[in-house]
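Q: Sequence and predicted structure are below.
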Amino acid sequence: MPEQVITDRLLRSWLRCKRRAWLDRHGDQAQRLWTSHRALALSAQLASFQTLLPQKPGRGEAACAAAAPGVVGLRLHGLGPGGLALQAHPALLERVAGPSVWGEHAYQPVLGRQGRHLTREHRLVLMLWGRLLAERQRAPVPQALALAGAGRGLERQRLPLGGGLQRQLDEALERLAVDLDRPEPPPLVADRKKCVLCSWRGICDQEASRQGHLSEVSGIGGRRREMLLEHGITSLAELAASDPAALAEALAVHGEQHREVAAELVAQARVQASARPERRHGAPSPALPELASAPGVLLYDIESDPDARDDFLHGFVAVPRLASADPSLAWPRQADPGWRYQPLLALQEHGEARLWLRLRRLLARYPAWPLLHYGETEAIALLRLARRQGAQEGEIAALRGRLLDVHARLRRSWRLPVSSYGLKAVAGWLGFRWSQAGVDGARCLLWWRQWRRDGGTARLRRIFTYNRDDNLATWAVVRWLLDQDA
Ligand code: SF4
């Protein structure tokens, strides 16, 4: 493909992050990292398409001429503003009433929507597909279709491909072409939360760290970064060197809540710049007093499919207290392969009542053992489940009393030299290594969806290993907190 051709994939990348499109074209492809998100998006899209058109779609121009109800694999070409060469590859074409160059039928483009709403990215990509398809079929494409979900939950959203969208597309294509011609990559995206989904995150993380990019400071997103830039603070080092009181005054013009966080941002930047953890002033010690007399603890981690609102796995690791009169030797130093891992799979077709019964039985086997989890998800999910299943107030209160959020306790007592207080970053900083390299929640979710579709014990084993490792990573944080208090 000649360099100057602009594809729908480049447009998609550019709408997410200008740097990403530039790297797609000029970057060293060997530096790209595999990302589960694309595979997840494609598998969700496929499920939507299979609900819309249960029969296998035809392929290419021959299928269009044969009036196939659905067509994939049609590559479209055309010219954009200023003679830009365009190329696109619609995910699916659906047959509609004609006429067109192929007879008494025509086609409209279809895509699978990720997320709850149709975004600018979806609209402009559908517009590009519609425009090039209109040229190919020599008939207008007045609307496109966006799908979400599958089965009985399939949502269909029609998008009129009108003049306003045409203009937006032309403008985007012109700006994209200019950005691609730049000799240097555009700057890192302002809101770096997006980067977890991007295959260029490896080199961009290195670049952010090299620059001391403000997004490296935990607690700084796109909006706060802009405010700091406005006040002349451009890097982590400059933030660390700032006067907290002066910064609080400066940020107060953006709202009282920003005045309040100024000192915290400076303190966090200082800890990161020094690479040394710092106990918060007046922090309670010990951080986990519940462990002083506990007979053992249950580490607890849930794996979820957020789109399906499905907590599909509740995993527990039982850590018994050691038989030692010395409190400093009461808990194991290292994860022990003998610790029992108990995964409870929550299959929706088995119903929630059965899951609740199994959870209650498991928890009853370990009376008075605190449930240690990292982040609020587990507590929210378990308490909601208990309520839905009609648990009495006394049982809910007892459950709430057993749940102990290690992340909250860590944040209450410590500042760490990490750019995020997520489990991966914190346990990684402590030297914990996941046994399956490069696996994250998205990859686990992908395995889960594949297992639901095709089965396979190896996939299930990988999901369990990942969940067990998350529990052991939580233990690494607990152990560190215990050591600091000792
Ligand atoms: S990792 Fe982030 S900054 Fe880098 S290209 Fe991807 S989205 Fe843009």
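A: Here it is on my side, so go on.
Q: Report the contact partners of whichever residue of the stretch 351-486 of the chain sits closest to the ligand.
A: Closest residue of the stretch 351-486 of the chain to the ligand, CB to the nearest ligand atom: residue 419 (13.6 Å). All C-beta spots, glycine's among them, are computed from the backbone N, C-alpha and C. Contact partners of residue 419, counting by CB atoms under 8 Å, 6 or more residues apart in numbering, are 215-218, 272, 425.
Q: Go again with 6 Å.
A: Residue 419 is in contact with 216, 218, counting by CB atoms under 6 Å, 6 or more residues apart in numbering.
Q: Also residue 233?
A: With CB under 6 Å, 6+ apart, residue 233 has these contacts: residue 239.
Q: can you map out the helices along the stretch 201-350 of the chain?
A: 201-211, 222-230, 236-240, 244-252, 256-274 (DSSP state H, counting those that start in this stretch).
Q: Among those helices, which comes closest to the ligand?
A: Across those, closest to the ligand is helix 201-211 (CB to the nearest ligand atom), at 3.1 Å.
Q: Quick one: name the residues of the stretch 1-150 of the chain near the ligand.
A: 17, 19-20, 23 (CB under 6 Å from any ligand atom).
Q: which two from those residues end up farthest apart in space?
A: 17 and 23 (8.9 Å; CB to CB).
Q: Now, the residues of the stretch 1-150 of the chain next to the ligand that are in helices?
A: 19-20, 23 (DSSP state H).
Q: one step back: so which of the residues of the stretch 1-150 of the chain next to the ligand wins on neighbours?
A: Using other CB atoms under 10 Å as the neighbour test, these are led by residue 20, with 26 neighbours.
Q: Quick one: residues contacting the closest residue to that one other than its chain neighbours.
A: Computed as CB to CB, 6 or more residues apart in numbering, the closest residue to residue 20 that is not its neighbour in sequence is residue 13, at 4.4 Å. Residues in contact with residue 13, defined by CB under 6 Å, 6+ apart, are 20-21, 24.
Q: Can you tell me which of the residues you listed is nearest residue 339?
A: Of these, the one sitting nearest to residue 339 (CB to CB) turns out to be residue 20, at 42.0 Å.
Q: Mind pulling up the pLDDT for the closest one?
A: If you check residue 20, the pLDDT there is 97.
Q: Over to the one 4 residues further on?
A: What the model reports as pLDDT for residue 24 is 97.
Q: Report the contact partners of it.
A: Contacts of residue 24 by CB under 6 Å, 6+ apart are 10, 13.
Q: what's the answer for residue 130, then?
A: 109, 141, 144, 161.
Q: and the residue nearest to residue 20, helix, strand or coil?
A: helix (DSSP: H, G, I helix; E, B strand; the rest coil).
Q: what about this protein, any weak spots by pLDDT?
A: 1-3 (pLDDT under 70).
Q: By residue count, what's the longest helix in it?
A: Max-length helix for the chain by DSSP H is helix 457-485.
Q: the strands in the stretch 1-150 of the chain, which residues?
A: 6-7, 58-59, 70-72, 76-79, 85-88, 92-100, 103-112, 143-148 (DSSP state E, counting those that start in this stretch).
Q: how about those in CSV, adding mean neighbour count?
A: Listed next are the strands of the stretch 1-150 of the chain as CSV, based on neighbours: other CB atoms under 10 Å:
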stretch, mean neighbour count
strand 6-7, 20
strand 58-59, 17
strand 70-72, 20
strand 76-79, 15
strand 85-88, 20
strand 92-100, 18
strand 103-112, 21
strand 143-148, 21
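Q: What residues of stretch 170-183 count as buried?
A: By neighbour count with 16 or more other CB atoms under 10 Å, stretch 170-183 contains the buried residues 170, 172-173, 176-177, 179-180.
Q: If you could redo that for stretch 290-309, that was the one I meant.
A: Buried, per 16+ other CB under 10 Å, within stretch 290-309: 291, 294, 296-305, 308.
Q: and that stretch, how far out from the chain's middle?
A: 20 Å (CA atoms, centre = their mean, to the nearest Å).
Q: Which residues does it contact?
A: 311-321, 366, 369-373, 377-378, 381, 404, 444-445, 467, 470-471, 474-475.
Q: Same question for stretch 251-261.
A: 227, 248, 262.
Q: and with 7 Å instead?
A: Stretch 251-261 is contacted from outside by 219, 227, 248, 262, using CB atoms under 7 Å, 6 or more residues apart in numbering.
Q: can you pick the most crowded of those?
A: That'd be residue 262 among these, by other CB under 10 Å, with 24 neighbours.
Q: my guess is that one contacts residue 248, does it?
A: Yes: under the criterion of CB atoms under 7 Å, residue 262 makes contact with residue 248 at 3.9 Å.
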